[in-house]
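Colleague: Need the 3D shape of this:
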Amino acid sequence: MLEGLEATEVRISEIENNFTIGSEFYSKANVALIEKIKGCNYPVKKLSSICSLITDGDHSAPDYKERGILYLLSESIQAGYINKTIYRYISQSLHNTLAKSALQANDVLVTKTGVYFGKSAVVPEGFPEANTSAHVGIMRLSDDTINPYYLSTFINSKFGYQQFRRRGIKATRPEIKLIEFNDISIVQLPQSLQIDVENLVKQSAELRKAAEDGYTSAESYLLECLGMQDFVANPDEYNIKTLKESFLESGRIDAEYYLPKYEDYTKAVSAYAGGVAPLNEVCMIQDDNYTPEAKQVYRYIELADIGKSGDIIGCLCEKGEDLPTRARRLVLTGDVIVSSIEGSLGSCALITEDYNHALCSTGFYVVRSSQINSETLLTLFKSEPIQQLLKKGCSGTILTGIGKQEFKQMPIPLIRPEVQAEIAQYIQRSFALRKEASQLLEEAKLSVEQAIVIGGG
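Modeller: Alright, predicted model coming up:
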């Protein structure tokens, strides 16, 4: 009758704190993990004892600027690195008033809120002047026996991440309170191993930078071949059109649709010497709904999982019955997914073998082409000219996006095969470097876990 249930008996005197007394906190898996930490042959220290500062970021609702001081969001913090493409800007004057959350080199950051809370990264030397939001925890070390890169990697390992997760509040927006940070247990591994971990994380950062440079080279080459590397569109914010030239031709009455810059981009793309064609003549659009099996576990990709260079930086793994209702697009290796939502149009990605048969949100268009290889298609969709045309096609009120009809009629340059081959090499090399960077972070994390397991006998 009680099959599948579990029970753990804990004395009042053994309760770890007064903030979390839920049954899940003392599940067998959580208790076993803490026992493993306590039983290892290395010193164990509380986070509060090794830090001179444990705080979080700005609790206000700042007025974002077009430029200024970097302002990191919770999504900026990935497991092992800071995603420098996800950020906002705040004014220098506001930054000056937020001295407590002004970031310093070697600060260890941890996400406090969101589905993936508990991810950690280090602020590297040479990082731009920056601040962060209240959704990010900041730890400044005072104990020179703990290396910041080791601490971050320990937090990302199962021994750290599970501690943060067990102390989190499972609400509409899951989070861990700052007060809970103090009691996180940290294993002090030998300095030599900590230095090895630091070196792996820094090597990963170098590879990630090389991967980003490779993608930038592909995009620059594409623009050069389109003859648009130095293109500047008309910045005027008005245009004059007759009824025949506007609504009767396009069916659109929104003024932004007719901005001169969009006309300039359309003309420039359409002037490509290799020719152009409407998207629906070049690409197949996969928009059939897929119904997940209730008990099968799927990888689910949403907008927040897309990196700047067309890569997928993570996904949610859930049973079909637990997935959101928008998880209805099945993707295959070689597909390119393109966000349809204004404000996130740059969220385009190439589906690699790692995500074959994953699901993505209905907020994406899923496309592939027999005329243009996947790498070139990705680079096209993320390029400034096509991004501008995607933005031109957007409409709506509450949730603005580009509809299927507008999407199908977008002009797509028929890139010459030799150019496609060159772009494919850039992108494939970029993806290979990024994968190698991820493997180094995984190696660092596993070395920490293995040392603790062995140290525990």
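
Colleague: who's in contact with residue 250?
Modeller: Listed by C-beta atoms under 8 Å, 6 or more residues apart in numbering, the contact set of residue 250 reads residue 257. From N, CA and C alone the C-beta is placed, and that goes for glycine too.

Colleague: Can you read off the backbone torsions of it?
Modeller: Main-chain dihedrals, residue 250, degrees, to the nearest 10: phi -110, psi -20.

Colleague: In terms of pLDDT, where does it sit?
Modeller: What the model reports as pLDDT for residue 250 is 75.

Colleague: How much space separates it from residue 154?
Modeller: Distance, residue 250 to residue 154, using C-beta to C-beta, to the nearest Å: 57 Å.

Colleague: Next secondary structure element downstream of the lowest-mean-pLDDT helix or strand in the chain?
Modeller: Least confident helix or strand, the chain: helix 247-250 with a mean of 70, by mean pLDDT, DSSP states H and E. Next in sequence after helix 247-250, counting helices and strands by DSSP states H and E, comes helix 260-270.

Colleague: how about that next one: buried residues?
Modeller: Within helix 260-270, the residues scored as buried using 16 or more other C-beta atoms under 10 Å are 261-262, 264-266, 268-269.

Colleague: which one of these sits closest to residue 370?
Modeller: Nearest to residue 370 among these: residue 269, at 20.7 Å, using C-beta to C-beta.

Colleague: was I right about that closest one contacting residue 387?
Modeller: No. The pair residue 269 / residue 387 is not scored as a contact, 11.4 Å apart, by C-beta atoms under 8 Å.

Colleague: where does residue 338 fall, helix, sheet strand or coil?
Modeller: What DSSP: H, G, I helix; E, B strand; the rest coil gives for residue 338 is strand.

Colleague: On the pLDDT front, check it for me.
Modeller: Listed pLDDT for residue 338 reads 97.

Colleague: how far away is it from residue 361?
Modeller: Note on residue 338: its distance to residue 361, by C-beta to C-beta, is 12 Å.

Colleague: Looking at those two, which is more packed in?
Modeller: Per other C-beta atoms under 10 Å, whichever of residue 338 and residue 361 has more neighbours is residue 338, with 26 against 21.

Colleague: If that one is in a bridge, with which residues?
Modeller: residue 348, residue 365 (DSSP bridges).

Colleague: That one reaches residue 367, doesn't it?
Modeller: Yes. Between residue 338 and residue 367 a contact is recorded at 6.4 Å, counting by C-beta under 8 Å.

Colleague: can you map out the helices along the stretch 101-250 of the chain?
Modeller: 148-156, 158-166, 191-226, 247-250 (DSSP state H, counting those that start in this stretch).

Colleague: Can you get me the centre-to-centre distance for stretch 39-50 and its chain?
Modeller: 31 Å (C-alpha atoms, centre = their mean, to the nearest Å).

Colleague: Give me the buried positions along that stretch.
Modeller: Applying 16+ other C-beta under 10 Å to stretch 39-50 flags 40, 45, 47, 50 as buried.

Colleague: Correct me if wrong: the last one contacts residue 141.
Modeller: Yes. Residue 50 lies in contact with residue 141 (C-beta under 8 Å); the separation is 6.1 Å.

Colleague: how far does whichever strand or helix holds residue 55 sit from the chain's center?
Modeller: According to DSSP H and E, residue 55 maps onto strand 51-56. Offset of strand 51-56 from its chain centre (C-alpha atoms, centre = their mean): 25 Å.

Colleague: pLDDT on the next helix-or-strand element following it, on average?
Modeller: The C-terminal neighbour of strand 51-56 among helices and strands, as given by DSSP H and E, is strand 69-72. The average pLDDT within strand 69-72 is 96.

Colleague: Show me what strand 69-72 is packed up against.
Modeller: Packing partners of strand 69-72 (3 or more C-beta pairs under 8 Å, 6 or more residues apart in numbering; DSSP states H and E): strand 87-90, helix 92-97, strand 130-132.

Colleague: List the residues that contact the closest residue to residue 389 other than its chain neighbours.
Modeller: Using C-beta to C-beta, 6 or more residues apart in numbering and skipping the chain neighbours, the partner closest in space to residue 389 is residue 410 (5.4 Å). The contact partners of residue 410, taken as C-beta under 8 Å, 6+ apart, are 278-279, 386, 389-390, 393.

Colleague: Those in strands, which ones?
Modeller: Residues of the contacts of residue 410 located in strands (DSSP state E): residue 278.

Colleague: Make a ChimeraX selection of the buried ones in the contacts of residue 410.
Modeller: Selection of buried members from the contacts of residue 410 for ChimeraX, criterion 16+ other C-beta under 10 Å:
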select :279,386,389,390,393
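
Colleague: From the contacts of residue 410, pick the one nearest residue 226.
Modeller: Nearest to residue 226 among the contacts of residue 410, counting by C-beta to C-beta, is residue 386 at 10.0 Å.

Colleague: Look up the pLDDT of that closest one for me, please.
Modeller: We have a pLDDT of 97 for residue 386.

Colleague: Flag the shaky bits of the protein, pLDDT-wise.
Modeller: By pLDDT under 70, the weakly predicted segments of the chain are 1-27, 29-30, 170-172, 247-248, 456-457.

Colleague: helices or strands next to the longest helix that it contains in the packing?
Modeller: If you go by DSSP state H, the chain has its longest helix at helix 417-455. Judged by 3+ C-beta pairs under 8 Å, 6+ apart, the packing partners of helix 417-455 are helix 28-39, helix 148-156, helix 158-166, helix 191-226, helix 374-382.

Colleague: helices and strands around the longest one, which ones?
Modeller: What it means is helix 191-226. Counting contacts by 3+ C-beta pairs under 8 Å, 6+ apart, helix 191-226 is packed against strand 81-82, helix 148-156, helix 374-382, helix 384-393, helix 417-455.
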